[in-house]
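Colleague: Could you look at this predicted model? Sequence included:
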Amino acid sequence: MTQILSPAATDTSASHSVGKSGGPNAPAPLEFHTKPTETIIPAAHGYAEALKAGTIFRLVDLHGLQIIDMSAFVLPYAYGSIASAEHLSPSYTLHHTRGTPITVGEPIYSNMDRELLRLVGDTCKTHDMTFMSCFPKMYEDRGLPGHRSCAQNMVEAFSRFGMQGLPEVREPFNVFQNSPYFCKKALNCSRPGDWVEFEVLLDCVVGWSSCPFDQEGWSGGTPTDVLVVTGLSKGENGLTSDYEMSEDTYKRIYGKGKHE
Ligand SMILES: [Zn+2]
């Protein structure tokens, strides 16, 4: 199953369940994908989904050099209270790694010091755990008012899970971001098709943003679509999934077959 979200579709703010029932908004039950489900996130936009513990998801940089900001909130929490929900925490994770980025087999922790996601596959091996999401004022200060930002993408992506504004955006794990402070490689280094996989360790809602930051060479100067595949399970190696992009999806993305 492949979902292709149009940019407009990511801007919805419909009321939604966040893992508890009842209350004035009478949230509907959360839906979890239990079968492999591909979602193409449009360039410079965001997307969020509820994920079940025990499943795996994969993020794919379809065209190379694209940073993907990632945030997560642990379920359940009452609709409208995302600001106080347990969430993914780069700084708690850095406490456990003594300041270095995580490698395959290591978890990302929550701000309650619980293992939330585990990195189980990684073809790029360069990510950032130190910087905030790009935000509207950052672009305004550069004379670019109205420029898309990861922070606003997160608000839009999590709006159906109760997020209302920028103050509720948490510090992200920046997939494929190469921060020169930690690494001497060239700015950004993911190649077309590079991917990471995470195992979900606690039921949660996870959001991703194709970073719109197109200044100074970041994201290759032109943000691009990325792919998230949720509902995966462990493959034969017991760690990563056995997911392979279907020929149909490959053609839809690249305009030609895998071997054409
Ligand atoms: Zn960004």
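Modeller: Received the coordinates, thanks.

Colleague: Would you quantify the distance from the spatially closest residue to residue 166 that is not a sequence neighbour to the ion?
Modeller: Take residue 166 and drop its neighbours on the chain: the residue closest to it by C-beta to C-beta, 6 or more residues apart in numbering is residue 151, 5.6 Å away. Yep, even glycine has a C-beta here, placed from its N, CA and C like the rest. For residue 151, the distance to the ion equals 8 Å [C-beta to the ion, to the nearest Å].

Colleague: before we move on, what about residue 82?
Modeller: For residue 82, the distance to the ion equals 20 Å [C-beta to the ion].

Colleague: And the pLDDT at residue 56?
Modeller: With respect to pLDDT, residue 56 scores 97.

Colleague: Can you get me a residue count around it?
Modeller: If you count neighbours by other C-beta atoms under 10 Å, residue 56 ends up with 25.

Colleague: what ranges of the protein fall below the confidence cut-off?
Modeller: Along the chain, segments meeting pLDDT under 70 span 1-29, 180-188.

Colleague: Pull up the distance across stretch 150-164, start to finish.
Modeller: Stretch 150-164 has an end-to-end distance of 15 Å (C-alpha to C-alpha, to the nearest Å).

Colleague: buried set for it?
Modeller: Within stretch 150-164, the residues scored as buried using 16 or more other C-beta atoms under 10 Å are 150-163.

Colleague: Tell me who's in contact with the residue in the stretch 151-260 of the chain that the ion sits nearest to.
Modeller: Residue nearest to the ion within the stretch 151-260 of the chain (C-beta to the ion): residue 211, separated by 3.2 Å. Contact partners of residue 211, counting by C-beta atoms under 8 Å, 6 or more residues apart in numbering, are 44, 66-69, 133-134, 150, 174, 177, 218-219, 223.

Colleague: Just the ones in helices from those residues, please.
Modeller: Using DSSP state H, the subset of the contacts of residue 211 located in helices is residue 150.

Colleague: nearest to residue 34, of the contacts of residue 211?
Modeller: In terms of C-beta to C-beta, no member of the contacts of residue 211 lies closer to residue 34 than residue 68, at 23.4 Å.

Colleague: can you tell me how far the closest residue to the closest one other than its chain neighbours sits from residue 77?
Modeller: Nearest residue to residue 68, sequence neighbours excluded (C-beta to C-beta, 6+ apart): residue 175, at 4.2 Å. Applying C-beta to C-beta, to the nearest Å, the value for residue 175 to residue 77 is 24 Å.

Colleague: Look at these two and report which has more neighbours.
Modeller: Counted by other C-beta under 10 Å, residue 175 and residue 77 do not tie: residue 175 has more neighbours, with 27 against 21.

Colleague: and that one, what is it in contact with?
Modeller: Residue 175 neighbours (C-beta under 8 Å, 6+ apart): 59, 67, 68, 69, 70, 127, 196, 208.

Colleague: so can I have TSV of the residues you listed showing neighbour count and distance to the ion?
Modeller: Shown next, in TSV, are these (neighbours: other C-beta atoms under 10 Å; distance: C-beta to the ion, whole Å):
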residue	neighbour count	distance to the ion
59	23	15
67	29	6
68	27	9
69	30	6
70	25	11
127	25	14
196	25	17
208	28	11
